[in-house]
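In: Sharing a sequence plus its predicted fold:
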Amino acid sequence: MISPILRSSRTSLRLLVLGGLCSASAIAIAAAPSAAPKFDVARVSNDIKTLSSDDFEGRGPATRAEVKTIDYIAAQMKAAGLKPAGDKGTWFQDVPLLQSDIVGTPSLSMSIGGTATPLSQGEQIAVRAAETGQSTVNFKDLPLVFVGYGVKAPERGWDDFKGVDLKGKIMVVLVNDPDFEGGEGDFGGKLMTYYGRWTYKYEEAARQGAAGVLVVHESEPASYGWATVKNSNTNTMFDIVRADPKSVHTQMEGWIQKDLAAQLLKASGVDFEAAKAAARKKDFQPIPLKATMSADYAVKSQVITSHNVAGIVPGSKYPNETVIYSAHWDHLGVGLPDAKGDRIYNGARDNASGTAALLELARAFAKGPKPERSVLFLAVTAEEKGLLGSEYYADRPLRPLATTAGVINMDGPLSISKTTNFSISGAAKLDLLTVLTEEGQKLGRHYTPDARPEAGSFYRSDHFSMAKRGVPAISFSPGRELVDGGDARGKELSDAYTRDKYHQPADEYDPNWDTSGWAGDLTLLYNTGARLADSHVWPNWSQDSEFRATRDATAAQRKP
């Protein structure tokens, strides 16, 4: 992927011939500092311990815990020596959001093959508070239709709907892409496209005019278990404030267990696995189910203001150009209790660790040699609610996106144990990845592609909000090829975290964590950002990237 490189000192330029990523010319990026700062791992651990403590109540947006969280982050930025970069000279950027909650316990039921079947919220089904702004969700005996993967992709010659009228009906849809388990589609195989994300399924349901949508949960194609689905969908919902929310949301959005989906299909004379097999083919036809659904619950909605936190190290030579480090500060707050009765979703690795890394990198840049470009440290809100804080920033940036050279996002960026590799979320090709790879090689680490491409991680973290607007952006992963135990042990630990802790109260700070790799992770992150900040070149996406044209269109706004 990476072609030969001419190496030189920090004060000179490095010529990167980026494997064909930049067709017009190669880019030159200054070499990283010969010696990175020494990072205080104990201080990082303390930041994680503090932010993920019960006192911070899971860092839910628009709660008293938000005030405590953002004040803590701002205080640490100020102590580090950063300058405030938020609205009107403050540390904060206001982020207005629509907050929606189900009032009480929703009444949910189905009639399956003529048999009345009550449904328990969080058990067979997990419905979200309506994000359409309506105060009640009340419907009776609406028909259900199985629509395969629910994909309409003309550029891939794919249409799961075949003109079926879904108005007044509930879509039942599989998660992931039509070719996740083989089939005729061209959707990247195990690499999930945006068509595989549940957010796309919801948006497409609204475009189809459906009354609601239920995503069928399966752990492998979803990349997480039912506990994650339940905990992420039965608490407070947030969305950006939209002029027409019904254009992207139906009144009912939710998930159902696979067993319930199999029951629905069986009552309609169809085997679940046979239906899945049919859905993997282009000639799939929607299947009307011999089942209806009824729902009745109240929804409380209000517009609230959450906050991004922003601090900056001004550039010494090109202060109007920006390199961004980002991490989301929020987690799920207080929600349904686990088996032990714990209701606080502490979010230690997700993402107190990323916020702590952001603060430690801010300290290093503020106390070290001043970068030529400005470096912005951005802690964003409501990532867990759909990347909303980063989406708001990208739509209303504090620093122009055209003159933002790149974004390094951190979502769980600290290794579970020292690794020999590193990665990024997804499989995007861009110059910034080449820089990261080069800096990793200097530290004796190698790049490996995303170990779980089926998870659709590229679309699940805050770099995506910037990427889709053309800004070169990556979300760093510390890798899982462990010095002690190799990839097999790394996979075992990663799978255990996803199964037992991800989006669960058990994601708590542990004083026995193996922190041996953290200094190396922070060094790699620092060197990559410093190399970009101490240059005046503009990384880009690969020629075949869907983000390339958007980035190219902004070139005229940048000085040579």
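Out: Everything's here; your move. Numbering: from 1, shown residues only.
In: Where does pLDDT dip in this structure?
Out: Judged by pLDDT under 70, the chain has its weakly predicted residues at 1-34.
In: List the residues that contact the residue lying farthest from the centre of it.
Out: The C-alpha centroid of the chain is most remote from residue 114, which lies 40.7 Å away (Cα atoms, centre = their mean). Neighbour list for residue 114: residue 290 [criterion: Cβ atoms under 8 Å, 6 or more residues apart in numbering]. All C-beta spots, glycine's among them, are computed from the backbone N, C-alpha and C.
In: how about 10 Å then?
Out: Contact partners of residue 114, counting by Cβ atoms under 10 Å, 6 or more residues apart in numbering, are 267, 290, 291, 292.
In: helix/strand/coil for residue 530?
Out: helix (DSSP: H, G, I helix; E, B strand; the rest coil).
In: distance of it from residue 437?
Out: 16 Å (Cβ to Cβ, to the nearest Å).
In: got it, and residue 305?
Out: Between residue 305 and residue 437 the computed distance is 40 Å (Cβ to Cβ).
In: And for residue 304?
Out: Distance check for residue 304 against residue 437: by Cβ to Cβ, it reads 41 Å.
In: same deal with residue 165?
Out: Note on residue 165: its distance to residue 437, by Cβ to Cβ, is 50 Å.
In: Make TSV out of the contacts of residue 114 and add secondary structure and neighbour count.
Out: Converted to TSV, the contacts of residue 114 look like this (DSSP: H, G, I helix; E, B strand; the rest coil; neighbours: other Cβ atoms under 10 Å):
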residue	secondary structure	neighbour count
267	helix	18
290	strand	18
291	strand	26
292	strand	18
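In: Can you lay out these as CSV showing distance to residue 444?
Out: Shown next, in CSV, are these (distance: Cβ to Cβ, whole Å):
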residue, distance to residue 444
267, 58
290, 61
291, 57
292, 61
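In: For residue 169, state which of the residues you listed is nearest.
Out: Compare each of the contacts of residue 114 with residue 169 using Cβ to Cβ and the shortest gap goes to residue 292, at 9.6 Å.
In: residues contacting the closest one?
Out: 109-112, 114, 139-144, 169-170.
In: Now the closest residue to it other than its chain neighbours: which helix or strand?
Out: Nearest in space to residue 292, with sequence neighbours left out and distances taken as Cβ to Cβ, 6 or more residues apart in numbering, is residue 141 at 4.2 Å. Element membership of residue 141, judged by DSSP states H and E, is strand 136-146.
In: helices or strands up against that strand?
Out: Counting contacts by 3 or more Cβ pairs under 10 Å, 6 or more residues apart in numbering; DSSP states H and E, strand 136-146 packs against strand 92-112, strand 170-174, strand 212-217, strand 252-257, helix 258-267, helix 272-279, strand 287-313.
In: quick one, the fourth one and strand 212-217 angle?
Out: Just to be clear, that refers to strand 252-257. 30 degrees (axes from the mean of the first three to the mean of the last three Cα atoms, to 10 degrees).
In: So for residue 305 and residue 437, which sits in the more crowded spot?
Out: Higher neighbour count among residue 305 and residue 437: residue 437, with 17 against 14, using other Cβ atoms under 10 Å.
In: Against residue 36, how distant is residue 433?
Out: 20 Å.
In: More neighbours: the two, which one.
Out: Just comparing residue 433 and residue 36: by other Cβ under 10 Å the higher neighbour count belongs to residue 433, 25 against 20.
In: Does the residue nearest to residue 292 touch residue 211 like I think?
Out: No - contact criterion Cβ atoms under 10 Å: residue 141 and residue 211 do not qualify, at 11.4 Å.
In: anything in contact with each of the two?
Out: residue 293.
In: So these two - more neighbours on which side?
Out: For residue 141 versus residue 211, neighbours defined as other Cβ under 10 Å are more numerous around residue 211 (20 against 11).
In: and that one, what is it in contact with?
Out: Neighbour list for residue 211: 137, 139, 142-143, 166-171, 205, 250-252, 293, 295 [criterion: Cβ under 10 Å, 6+ apart].
In: Emit the ChimeraX select command for whichever of the residues you listed are buried.
Out: In ChimeraX, this line selects whichever of these come out buried by 16 or more other Cβ atoms under 10 Å:
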select :137,139,142,166,169,170,171,205,250,251,252,293,295
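In: Pick the one among the contacts of residue 211 closest to residue 412.
Out: Residue 412 has its nearest neighbour among these in residue 205, at 30.1 Å by Cβ to Cβ.
In: Grab the nearest non-local neighbour of that closest one.
Out: residue 213 (3.8 Å).
In: Verify the stated contact: that neighbour with residue 202.
Out: Yes - in this structure, residue 213 is within contact of residue 202 by Cβ under 10 Å, at 5.9 Å.
In: Identify the contacts common to these two.
Out: 150, 171, 173, 249, 250, 253, 254.
In: Distance to residue 540 for the residues you listed - can I get that in a markdown table?
Out: A markdown table is the format used below for the shared contacts of residue 213 and residue 202 (distance: Cβ to Cβ, whole Å):
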| residue | distance to residue 540 |
| --- | --- |
| 150 | 33 |
| 171 | 38 |
| 173 | 36 |
| 249 | 34 |
| 250 | 38 |
| 253 | 36 |
| 254 | 40 |
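In: out of the residues you listed, who's nearest residue 543?
Out: Nearest to residue 543 among these is residue 150, at 31.1 Å by Cβ to Cβ.
In: hmm, back to that, quickly compare the helices and strands packed on strand 136-146 and say which is most buried.
Out: Mean neighbour count, computed with mean count of other Cβ atoms under 10 Å, is highest for strand 170-174 among the helices and strands packed on strand 136-146, reaching a mean of 27.
In: How far does it sit from its chain's centre?
Out: Between the centre of strand 170-174 and the centre of its host chain there is 23 Å, according to Cα atoms, centre = their mean, to the nearest Å.
In: following that strand, which helix or strand shows up next?
Out: Following strand 170-174 in sequence order, the next helix or strand is helix 198-207 (DSSP H and E).
In: Centre of the chain to that next one, how far?
Out: Worked out by Cα atoms, centre = their mean, helix 198-207 lies 17 Å from the chain centre.
In: what packs against that helix?
Out: Applying 3+ Cβ pairs under 10 Å, 6+ apart, one finds that helix 198-207 contacts strand 152-153, strand 170-174, strand 212-217, helix 226-233, strand 252-257.
In: can you tell which of those is closest to residue 450?
Out: Using Cβ to Cβ, the helices and strands packed on helix 198-207 put helix 226-233 closest to residue 450, at 18.6 Å.
In: elements contacting that closest one?
Out: strand 125-127, helix 198-207, strand 212-217, helix 219-222, strand 252-257, helix 486-500.
In: Give the buried residues for the last one.
Out: Spelled out, that is helix 486-500. For helix 486-500, the neighbour count (16+ other Cβ under 10 Å) marks 487, 489, 490, 491, 493, 494, 497, 498 as buried.
In: Nearest to residue 407 among those residues?
Out: residue 494 (24.4 Å).
In: what's near enough to touch the closest one?
Out: Counting by Cβ under 10 Å, 6+ apart, residue 494 touches 416, 451, 452, 480, 487, 502.
In: cool, and residue 547?
Out: 428, 430, 466, 467, 468, 469, 470, 471, 472, 473, 540, 541.
In: One more: residue 324?
Out: Counting by Cβ under 10 Å, 6+ apart, residue 324 has contacts 310, 312, 374-378, 393, 397-399, 401, 404-409, 463, 466, 471, 473, 529.
In: How about residue 82?
Out: 74, 76, 91, 310-314, 359, 362-363, 365-366, 375-377.
In: and if you look at residue 236?
Out: 60-63, 99-102, 128-129, 300, 304, 332-335, 385.
In: okay but residue 165 is in contact with residue 171, surely?
Out: No - in this structure residue 165 lies outside contact range of residue 171 using Cβ under 10 Å: 11.9 Å.
In: Look up how far residue 269 lies from the nearest residue to residue 151 once chain neighbours are set aside.
Out: Among residues not flanking residue 151 along the chain, residue 195 sits closest, at 4.7 Å (Cβ to Cβ, 6+ apart). Applying Cβ to Cβ, one obtains 28 Å for the distance of residue 195 from residue 269.
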